[in-house]
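Undergrad: What follows is a predicted structure for the sequence shown.
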Amino acid sequence: MGDDNLDPLQPAPPVGGVRSRRSLVTLRDPGVRAALVLLASAVAGFVLFAVAWRGVARTIYVPFQLPWLMSAGVVGVAIIGAALGALSIQRGAVPMRPTGPLSTTSFARLSSSPTTSGANGSPCGPRGESS
């Protein structure tokens, strides 16, 4: 009645197909995960800021407004600033990450090629002297 072709030792095919596999591969990238965590932190900071706004708005007596401002407002602004600052640093570091895997043959080719001095292409030693 069922599909007799399935091997019980093989993992089941993904339910969502190719799209879910791509999203899982994307989520495995540490840069993407860091960006998602930082964006979630920034959203949490905005939520704290909204909570502080609501607490201050419903309190008439000013000395009772200060705890709302100090506990939720200032902390919310600090979380927003820290998360967006870290996100800008993380986004600036993205181009420094390698775009693809380097194989051992790539390293072998790089190590076996002579160092050139530049415009004329002559080989040179580690200090720029001709060998």
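TA: That came through, no problem. Numbering: from 1, shown residues only.

Undergrad: Any regions of this structure where pLDDT drops low?
TA: For the chain, the stretches flagged by pLDDT under 70 are 1-24, 94-131.

Undergrad: In it, where's the longest helix?
TA: helix 30-57 (DSSP state H).

Undergrad: Give the buried residues for that helix.
TA: By neighbour count with 16 or more other C-beta atoms under 10 Å, helix 30-57 contains the buried residues 35, 38, 41-42, 45, 48-49, 51-52, 55-56. All C-beta atoms are positioned from the backbone trio N, CA, C, and that covers glycine.

Undergrad: and what of stretch 79-96?
TA: Quick answer for stretch 79-96 (16+ other C-beta under 10 Å): 79-80, 83, 86-87.

Undergrad: Identify the residues contacting that stretch?
TA: 31, 34-35, 38-39, 41-42, 44-46, 48-49 (C-beta atoms under 8 Å, 6 or more residues apart in numbering).
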